[in-house]
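Asker: Predicted model follows, preceded by the sequence.
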Amino acid sequence: MSMQDLSQRDENALVTFYVPLWKRSGLRLDLFDDYWRDVHGPVCARLPGQYQYWQFHVAHNLGGFFPGIEGVGMSSSDEEQFDGIAELTFRTVEDRAIWFDAAGILMDDEHNIFRKGIGYVTSPGNSKTWVDRIEDAAPNGSTGIVRMHVQVRQKAGTTSEEFRNYLTEIFAPNIIKSSHILKLRTHLFEKPDLSRPDAAGVSHSDPESLLYQAAFEIAFRNHLEMEYFFASTEFGDATSGIDRVVSQLNSYPERDPYCFVYEGKLTTAGQRGSRTAGLIRDLGAINQTKENILDLICGKNVR
């Protein structure tokens, strides 16, 4: 891992579409992972307008990692236990609208693996990478780091301004003072986007009580660094008074991350699927990255 802060890589990712996803009932987790990664991912990656497209495959929130904070709920109900997060970023709101207009083709495919997907959007500047010391910007599978995706629920009676000011003026600035942090990225959500039509058997809405108003991604080199951080004064300062504005912090450990679009271009995983991209990387098959083969497999317009 680099000690250099690489957060400027995300400076053009001004707006986000952030989607927690629940696997279809009765579907084995390995089949969900495989299909989402190797079939659904490359289809989604080919839609226009995207700047970045990640899949974060996550474990359920069973506790044991993020420490308890008095006055803040940490446990997820059964209905809050999702299995992955799709995060798509865009240079402009207009680019995101272009993607939304083209995304209808995904609806039939959603039925194959999802039972629910709640699509949150952020306004320009409300998704922010505060620090990023992870060298690999476009991972294709296990990175060896410890990362969590934490969903944040605003406390009833608290204004949106108070809630957001706490996250951006107290929480995040204190977190990034710590040398134990590899990455911190925050999202301030608007109401979930309901413009997508429901797919057969796939819900795109939740009761108000189950919605989140923010989320953050936090990463560490290893579990020891994570525990040092949670015992630090920086974490204490960051969470001082958090119970006044936050009612719930639901933390989902990352299993594996995958990137299919980066800086507006398909990654090898986006072009060929994650497992094929892994084989090309592991064998050093340079010929598989050349234009003549990519034109043959993907077509010039896709490449």
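Answerer: Yep, it's here.
Asker: Can you spell out which helices and strands pack onto the lowest-mean-pLDDT helix or strand in the chain?
Answerer: The weakest-scoring helix or strand in the chain, judged by mean pLDDT, DSSP states H and E, is helix 291-298 (a mean of 77). Taking 3 or more C-beta pairs under 8 Å, 6 or more residues apart in numbering; DSSP states H and E as contact, the helices and strands that helix 291-298 lies on are helix 268-272. All C-beta spots, glycine's among them, are computed from the backbone N, C-alpha and C.
Asker: quick one on the thing from earlier: how distant is the least confident helix or strand of the chain from the center of its chain?
Answerer: Here the centre of helix 291-298 is set off from its chain's centre by 30 Å, with C-alpha atoms, centre = their mean, to the nearest Å.
Asker: likewise stretch 261-280?
Answerer: That offset, for stretch 261-280, works out to 17 Å (C-alpha atoms, centre = their mean).
Asker: oh, and call the first residue 87 from now on, that's how I've got it
Answerer: Sure thing, new numbering starts at 87, so read that last one as stretch 347-366.
Asker: Buried ones in that stretch, by neighbour count?
Answerer: 347-348, 352-360, 362-363, 366 (16 or more other C-beta atoms under 10 Å).
Asker: Mind jotting down where the helices sit in the stretch 187-336 of the chain?
Answerer: Using DSSP state H, counting those that start in this stretch, the helices found in the stretch 187-336 of the chain span residues 193-199, 246-252, 258-261, 309-316, 319-325.
Asker: okay, those helices in TSV with mean pLDDT and mean neighbour count next?
Answerer: What follows is these, written out as TSV (pLDDT from 0 to 100; neighbours: other C-beta atoms under 10 Å):
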stretch	mean pLDDT	mean neighbour count
helix 193-199	90	17
helix 246-252	97	15
helix 258-261	98	18
helix 309-316	97	16
helix 319-325	97	17
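Asker: For Ala172, find the nearest of the ones you listed.
Answerer: Across the helices of the stretch 187-336 of the chain, Ala172 has its closest neighbour in helix 193-199 (10.7 Å, C-beta to C-beta).
Asker: which intervals of the chain have sub-threshold pLDDT?
Answerer: Scanning the chain for pLDDT under 70 picks out the ranges 87-88, 279, 281-285, 387-389.
Asker: Can you check which strand is longest in it?
Answerer: Ranked by residue count and defined by DSSP state E, the top strand of the chain is strand 332-348.
Asker: Could you list the paired strands of the next helix or strand after that one along with their orientation?
Answerer: Reading on from strand 332-348 to the C-terminus, the next helix or strand found by DSSP states H and E is strand 351-352. Applying DSSP bridges to the sheet, strand 351-352 is found paired with strand 332-348 (antiparallel).
Asker: Tell me the gap between the strand it pairs with and the middle of its chain.
Answerer: 5 Å.
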